[in-house]
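# need the 3D shape of this:
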Amino acid sequence: MMLPDSKIYVAGHNGMVGSAIVRLLKKAGFSNIVTRSSSELDMRNQAGVNQFFQSEKPDFVFLAAAKVGGILANDTYRAEFLYDNIMIEANVIHAAYMSQVQKLLFLGSSCIYPKASQQPIKEEYLLQGALEPTNEPYALAKIAGLKLCENYRRQYGCNFISAMPTNLYGVGDNYHPENSHVLPALIRKFHFAKENQQKVVELWGSGTPKREFLYVDDLASACLLLMKSYDGMDPMNVGVGEDISISALAEMVKEITGFSGQIVWNTEMPDGTPRKLLDVSRLSAMGWQASIALKEGIQLAYTDFQNQIASTNG
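Sure thing, here's the model as predicted:
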């Protein structure tokens, strides 16, 4: 049981997900939160991770650390996405077992599911078909993490659980022009198009694929609920239960950022998976649902972008 003074390690606390989990833990009254930046602890280094766990001995672990990115980054840095993520999760999960952590929550990704999955995607569809080629290395690494949790539970009796969030966005997102996901990339693109008085914004693909978007603070609330109340072997989908076409999303971001020009779709560029909607009925049955609507969330994210990026980097 998580108590106010339980020692909680949030791996990846500087990232968008990890920072949201830390914010929520503090708000909920947890006072003994342990963090390490990547410069202080390289989670790809097994000896360093083992030493950290031996000295700190956390009771609970949120494994939110990962190398992440959009279609271009996933397809460009394929070896790094596979190697870095496998090393991070293998080192942390094994060290958690060795130091007898009470409970660990591993955060996967909805990209673990087959490209041609029946919609909405149920947890049991995992490994039932081929993956999306552009992000296969990242997906394989996340599947490996999920299976590590499952099999450390089977072999050693560890209470290690997994959550599979849908597409995330919000405060602390990555707005890099090449390595960002679709929603922050759109925010950046439309913002600077407006600033530079461009008449046209060109976007990749056809605009027809559909995606589901979850505000990161909603994910944090689901993670806390799962850490407190879920002890099952099966992964748990985390999403909002509805999706939106990329073209409709682009129009929404265009409106929020105030860009008044035209959108042109470059159909020579890849679309990625045609649809990716999670079945969240298992989590809904636990009484959880997302609380931040997409339009409200994008407005919050745009404010964050303006504060953190536009004001400093131009």
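# where does H176 sit: helix, strand or coil?
Here H176 is coil, with the state taken from DSSP: H, G, I helix; E, B strand; the rest coil.
# count of residues packed around it?
By other Cβ atoms under 10 Å, the residues close to H176 number 16. Using the backbone N, CA and C atoms, a C-beta is placed for each residue, glycine as well.
# quick one, phi/psi of it?
When read as degrees, to the nearest 10, the backbone of H176 gives phi -60, psi 140.
# quick one: it from R188, how far?
Distance, H176 to R188, using Cβ to Cβ, to the nearest Å: 8 Å.
# the stretch 151-300 of the chain: strands as residue ranges?
For the stretch 151-300 of the chain, strands defined by DSSP state E, counting those that start in this stretch occupy the ranges 160-165, 167-169, 200-204, 210-211, 213-215, 236-238, 244-245, 262-266, 275-276.
# for A95, find the nearest of the ones you listed.
Nearest to A95, of all the strands of the stretch 151-300 of the chain, is strand 160-165, at 12.0 Å by Cβ to Cβ.
# gap between that closest one and the chain center?
Strand 160-165 has its C-alpha centroid displaced from the chain centroid by 11 Å (Cα atoms, centre = their mean, to the nearest Å).
# avg pLDDT for it?
Rounded to a whole number, the mean pLDDT of strand 160-165 is 98.
# and what of stretch 108-117?
91.
# for it, buried residues please.
G108, S109, S110, C111, I112, Y113, P114, K115, S117 (16 or more other Cβ atoms under 10 Å).
# dump the strands of the stretch 151-300 of the chain to TSV, plus distance to A90 and mean neighbour count.
Listed next are the strands of the stretch 151-300 of the chain as TSV, based on distance: least, Cβ to Cβ, whole Å; neighbours: other Cβ atoms under 10 Å:
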stretch	distance to A90	mean neighbour count
strand 160-165	13	24
strand 167-169	23	22
strand 200-204	33	16
strand 210-211	29	19
strand 213-215	26	24
strand 236-238	21	25
strand 244-245	35	16
strand 262-266	39	13
strand 275-276	26	20
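# output these in TSV; the columns should cover distance to Y83.
As requested, those are exported to TSV (distance: least, Cβ to Cβ, whole Å):
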stretch	distance to Y83
strand 160-165	21
strand 167-169	23
strand 200-204	27
strand 210-211	27
strand 213-215	27
strand 236-238	26
strand 244-245	34
strand 262-266	31
strand 275-276	25
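# right, and the ones you listed - which one's nearest S37?
For S37, the closest of those is strand 167-169, at 20.7 Å, according to Cβ to Cβ.
# ok now stretch 201-208, how far from the chain's centre?
Relative to its parent chain, stretch 201-208 has a centroid offset of 23 Å by Cα atoms, centre = their mean.
# that should have said stretch 240-260, apologies.
Between the centre of stretch 240-260 and the centre of its chain there are 20 Å (Cα atoms, centre = their mean).
# and what of stretch 83-91?
The chain centroid and the centroid of stretch 83-91 are separated by 16 Å under Cα atoms, centre = their mean.
# and what of stretch 53-65?
Centroid separation for stretch 53-65 versus its chain: 19 Å, with Cα atoms, centre = their mean.
# return that stretch as CSV; C-alpha atoms alone will do.
C-alpha atoms of stretch 53-65 as CSV (Å, rounded to 0.1, in the frame of the first residue of the first chain):
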residue,chain,number,x,y,z
PHE,A,53,18.5,0.9,-6.3
GLN,A,54,20.8,-0.6,-3.7
SER,A,55,21.4,2.7,-2.1
GLU,A,56,17.9,4.3,-2.4
LYS,A,57,15.8,1.1,-2.0
PRO,A,58,12.5,2.7,-3.3
ASP,A,59,9.2,1.1,-2.4
PHE,A,60,7.4,2.0,-5.6
VAL,A,61,8.6,2.7,-9.1
PHE,A,62,6.9,4.6,-12.0
LEU,A,63,9.0,3.6,-15.1
ALA,A,64,8.2,6.6,-17.4
ALA,A,65,11.7,7.0,-18.8
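# what about the helices in the stretch 151-300 of the chain?
Using DSSP state H, counting those that start in this stretch, the helices of the stretch 151-300 of the chain run over residues 182-195, 216-229, 246-257, 281-284, 294-305.
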